[in-house]
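1. The amino acid sequence is not available; the structure is as follows:
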């Protein structure tokens, strides 16, 4: 079975620019998560989708971050405008049901300069 | 809400020595517990998980972990460490019901010396 696909693998942007990340979950996985992992820390949940609806976005900085999951399949996470402190690895994960089959993608490493 | 504490930020062990990484969790009911490993520049790889049943869980790469409810702990062990085990290790906890996401600890960085 194919894993969780993320792109791009790396991205370097200047502060105040915008950036978008893409995630394609495992086929049939209803739940999709975006995590932010700052260097030296554990992953922190940004947003959780169930099909194409948002379940939890309480930790998403909504003044600059947005995410969508159209048609309940792939998802995009956008940052506009980016700040230096947004430099991190952005991980996407998906699961078919709850914590069973929870699978992470390889992540997108963002550097804001 | 769930939370995870990994008390050791960095551990150094000699190759061939045994290893124990500590993890304490906070959760009101029986948790689902996970250990992940992350090598530099790589994604998270699942080492093992505990959902229910036998409290001693075997994972990949020779790792095991033991769930101790009385101590709210889920420590990771390996009897003999290899140089390739050098990486960052994350403990995570999830609720055993509903659709709540995993909550991660801050990680323990393992260095292996010859």
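-> That came through, no problem. Remember, it's a predicted structure, so these values are computed and weren't measured experimentally. Numbers count the residues shown, from 1 in each chain, chains lettered A, B, ... in the order given.
2. how deep is the residue in chain A that chain B sits nearest to tucked in, by neighbour count?
-> The nearest approach of chain A to chain B comes at residue A:42, 3.4 Å away (C-beta to the nearest C-beta). The C-beta positions use only the backbone N, C-alpha and C, and glycine is treated the same way. By other C-beta atoms under 10 Å in any protein chain shown, 22 other residues sit near residue A:42.
3. and it, what does it touch?
-> Residues near residue A:42 by C-beta atoms under 8 Å, 6 or more residues apart in numbering or on different chains: B:4, B:90, B:92, B:104, B:105, B:106, B:107.
4. Please list which of those residues also come close to chain A.
-> B:4, B:90, B:92, B:104, B:105, B:106, B:107 (C-beta under 8 Å from any C-beta of the partner chain).
5. Give me the helices and strands touching the helix or strand hosting the third one, please.
-> Taking DSSP states H and E as the criterion, the element that holds residue B:92 is strand B:87-94. Taking 3 or more C-beta pairs under 8 Å, 6 or more residues apart in numbering or on different chains; DSSP states H and E as the contact definition, the neighbouring helices and strands of strand B:87-94 are strand B:3-5, strand B:32-38, strand B:73-78, strand B:103-104, strand B:108-113.
6. Can you give me the buried ones in that strand?
-> For strand B:87-94, the neighbour count (16 or more other C-beta atoms under 10 Å in any protein chain shown) marks B:87, B:88, B:89, B:90, B:91, B:92, B:93, B:94 as buried.
7. now swap in stretch B:67-80 and tell me
-> In stretch B:67-80, the ones that count as buried by 16+ other C-beta under 10 Å are B:67, B:73, B:74, B:75, B:76, B:78.
8. Please render the residues you listed as CSV that adds pLDDT to the earlier fields.
-> CSV is the format used below for the buried residues of stretch B:67-80 (pLDDT from 0 to 100):
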residue, pLDDT
B:67, 95
B:73, 96
B:74, 97
B:75, 98
B:76, 98
B:78, 98
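9. Closest one of these to residue A:61?
-> residue B:74 (30.9 Å; C-beta to C-beta).
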